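K.L.:
Here is a sequence together with a model predicted from it:
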Amino acid sequence: MSGVEYRAVMDRRNEILRASTGIDYARFTEGTVALDYEGLMGATGYGPADVRRIQRARGVGGTSMLELRRITELVRRYSAPGHGARIFLKDEAANPSGSFKDRRASLSVQRASELGYRGVAAATSGNYGAAVASQAAMSGLRAIVVQETFDSSGRGQPEILEKTRKCEALGAEVVQTTVGPELFFMLLSILEATGYFNASLYTPFSVQGIETLGEEIVDDVREATGRRPAMVLATHAGGGMCTGVARGLRRAGSEETDLVAVSVDLTALHMASDHDFNRKSFTTGHTGFSVPFTTWPDRVDVPRNAARSLRYLDRFVTVSQGSVFFATELLAQAEGLERGPAGNTSLAAALVLARELPADEVLVISETEYTGAGKTPSAQLEFARGLGVDVVTGVPADEVPGKVIALPTSLEQLTVTEIELASLRRSYVNAARSRTGPRVTAAEQEFIVEDARLTGADRAWLES
Amino acid sequence: MTGDEGSAAWTEIEWTVLDPAERAENAPADTKAVPYLARARGLASDPVVGKETEIRTVTGRVLRGTVSAVGAGHGHGFGSPLPAWVHLQERIRSLLREAFDADGEGGPADERR
């Protein structure tokens, strides 16, 4: 391997990606930034009924919707009279590999299988690797997962090491790398060498696979309460869950439901820094992904990202790492559900946001994930302390990402921090304009307005 | 590989993908200062830690690198609870007792609706 080879592979990326996704992205793009988004989403060739049928046959979805009765009761003790929404939780840990990511992997593997690919590959340090491995095993396909795992001293977070183990348990080959943006190059090299299908997190297959989660949320809540959810909380990393859930909610006729993105606040830690890498006690679902991905989604391992969350978000909040650990322990002790902790990011926000809603309204948390060795709070916290991070009792405001994790001790200490969508929309417009240059075509302008969901003053600002 | 899989050992290899000077332009300075390394696991014949070898991975690929572990396993665990974590657990137990034990039943939320 050499620098020359690195540049040569990167120069061939468009042909490698076309061969490995079966999608000709050029058909849906115009000029520098414009994209026929619904055209791209339709490129899977699967309709909603096909997706439901494929997922049912693969044991994906149809997970339980659990009402968190005791947690709801606790939240009401800290709410104004008549407030404290009923909190429901979609138990996505019940999917075959233990997270909602099976929904994302299912259609990619189905398509790879239909097209005669011998295997699938994906770059991910998250639960998605296990989902790809599991779905591939079901279809008798081979799987390679490329995983950013170590810092330069060879240390890996226990949470990621667990994901390596799980992928291997499900029959996948795992290529672990040190920290760096060259992960994309590793994936391209493997795709080119093997001829496998690129089961990227960001293809239309992946995002369409999540739409069933939004549909099920509406159906489950209607069955349990006769109502529509007032608020759905979804963890935001690259934006796939928010995009797919929102599309599913709309398809099921629940457009008035507020979709709230939730991320763990890791402000000031650099995503690709060798030093910062292991000082994040959450490896995904944090601001290191969510802020850059909302303000410019097309930074992924396919030519255009099918996860475009600014189109759908009604609100965006962050929570502290300590708050998520608190929520994880509360879920275990109050409701008898040992899950996460990363999958409990939205639960931490729900403990605050449910107070805003009337008691007869319904709030839904869109996921749980499996837990186990390496993932548990005690494993993560002990590892953090070993790297010099202080783990103390305190309120969310005491937390300093990479330096201090503050563990709250009561519900009233929990807070969320709002991220203004208007400011994300403006950052998006600036990112788009840096690509178009000063002359923005009518098609590009139309796309930017639609993609950043610009209205009123922001729209006028773009057009000025 | 010798083809004699019966004597092969489950082996982890490490190799340098890119030297510091070859790293991506957009990598931060601390990341660019170190090489980009990779590890993979598979079967090798007579592997010796620190020596070059070839492994055959579970997908059938043959990869070459320096042996970093023989009989490579998974050592991650559940960790030991830190004092602040033990305190959080105790506080949650007590807030549940305060909220529910006074009612004498423990789980009345659904009946109040």
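P.N.:
Nice, thanks for sending it over.

K.L.:
ok now do the most centrally placed residue in chain B, which residues does it touch?
P.N.:
Against the mean C-alpha coordinate of chain B, by CA atoms, centre = their mean, the closest residue is B:His76 at 6.6 Å. B:His76 makes contacts with A:Pro158, A:Leu161, A:Glu162, A:Arg165, A:Ala373, A:Gly374, A:Ala379, as judged by CB atoms under 8 Å, 6 or more residues apart in numbering or on different chains. All C-beta spots, glycine's among them, are computed from the backbone N, C-alpha and C.

K.L.:
Equivalent analysis for A:Lys280, please.
P.N.:
For A:Lys280, the contact set (CB under 8 Å, 6+ apart) comprises A:Gln157, A:Leu266, A:Leu269, A:His286, A:Gly288, A:Pro401, A:Gly402.

K.L.:
so the fourth one makes contact with A:Val262?
P.N.:
Just to be clear, that refers to A:His286. No - A:His286 is not in contact with A:Val262 according to CB atoms under 8 Å; the separation is 10.3 Å.

K.L.:
helix or strand for A:Gly372, which one?
P.N.:
Assigned by DSSP states H and E, A:Gly372 belongs to no helix or strand.

K.L.:
Let's see the strand or helix carrying A:Thr149 as PDB, backbone CA atoms only.
P.N.:
Using DSSP H and E, A:Thr149 sits in strand A:142-150. Presented in PDB, the C-alpha positions along strand A:142-150 are these (Å, rounded to 0.1, in the frame of the first residue of the first chain):
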ATOM      1  CA  ARG A 142     -20.200 -13.100   2.900                       C
ATOM      2  CA  ALA A 143     -19.700  -9.900   4.900                       C
ATOM      3  CA  ILE A 144     -16.700  -7.600   5.600                       C
ATOM      4  CA  VAL A 145     -17.100  -4.800   8.100                       C
ATOM      5  CA  VAL A 146     -14.400  -2.100   8.200                       C
ATOM      6  CA  GLN A 147     -14.300  -0.600  11.700                       C
ATOM      7  CA  GLU A 148     -12.400   2.500  13.000                       C
ATOM      8  CA  THR A 149     -11.300   0.900  16.300                       C
ATOM      9  CA  PHE A 150      -8.000   2.000  17.700                       C
END
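
K.L.:
how about that strand, does it reach chain B?
P.N.:
Yes - judged by CB under 8 Å from any CB of the partner chain, strand A:142-150 comes into contact with chain B at A:Arg142, A:Ala143, A:Ile144, A:Thr149, A:Phe150.

K.L.:
Correct me if wrong: the third one contacts A:Val175.
P.N.:
Going back to what we said before, that points to A:Ile144. Yes - proximity of A:Ile144 to A:Val175 meets the contact threshold set by CB under 8 Å, at 6.6 Å.

K.L.:
What segments of chain B are strands?
P.N.:
Ranges of strands in chain B, per DSSP state E, are B:8-18, B:36-45, B:52-56, B:62-70.

K.L.:
Take those strands and lay them out in CSV including distance to chain A.
P.N.:
Shown next, in CSV, are these (distance: least, CB to the nearest CB, whole Å):
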stretch, distance to chain A
strand B:8-18, 5
strand B:36-45, 4
strand B:52-56, 10
strand B:62-70, 8
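
K.L.:
what about chain A, any weak spots by pLDDT?
P.N.:
Within chain A, the segments meeting pLDDT under 70 span A:1-3, A:464.

K.L.:
circling back: between the contacts of A:Lys280, which is nearest chain B?
P.N.:
Taking CB to the nearest CB as the measure, chain B sits nearest to A:Gln157 out of the contacts of A:Lys280, at 8.8 Å.

K.L.:
Distance check, the closest one against A:Met10.
P.N.:
Note on A:Gln157: its distance to A:Met10, by CB to CB, to the nearest Å, is 28 Å.

K.L.:
do A:Leu424 as well
P.N.:
Taken as CB to CB, the span from A:Leu424 to A:Met10 is 29 Å.

K.L.:
if you count what's nearby, which of those two comes out ahead?
P.N.:
Taking neighbours as other CB atoms under 10 Å in any protein chain shown, A:Leu424 and A:Met10 compare with A:Leu424 leading, 20 against 15.

K.L.:
tell me the contacts of the more buried one?
P.N.:
Going by CB under 8 Å, 6+ apart, A:Leu424 touches A:Val291, A:Thr294, A:Thr295, A:Leu310, A:Phe316.

K.L.:
pretty sure the third one is touching A:Ala432, no?
P.N.:
No - the pair formed by A:Thr295 and A:Ala432 falls short of the contact definition of CB under 8 Å, at 9.6 Å.

K.L.:
Comparing those two, which residue is more hemmed in?
P.N.:
Using other CB under 10 Å as the criterion, A:Thr295 and A:Ala432 rank with A:Ala432 on top: 23 against 20.

K.L.:
Can you give me the buried ones in stretch A:383-390?
P.N.:
Buried residues in stretch A:383-390, counted by 16 or more other CB atoms under 10 Å in any protein chain shown: A:Phe383, A:Ala384, A:Val389.

K.L.:
now, among these, which is nearest to chain B?
P.N.:
Nearest to chain B among the buried residues of stretch A:383-390: A:Phe383, at 7.0 Å, using CB to the nearest CB.

K.L.:
ok so, going back, which phi and psi does the residue nearest to the centre of chain B have?
P.N.:
B:His76 adopts backbone torsions of phi -70, psi 150, taken as degrees, to the nearest 10.

K.L.:
Next one: it, what pLDDT does it get?
P.N.:
At B:His76, the pLDDT value in this model is 95.
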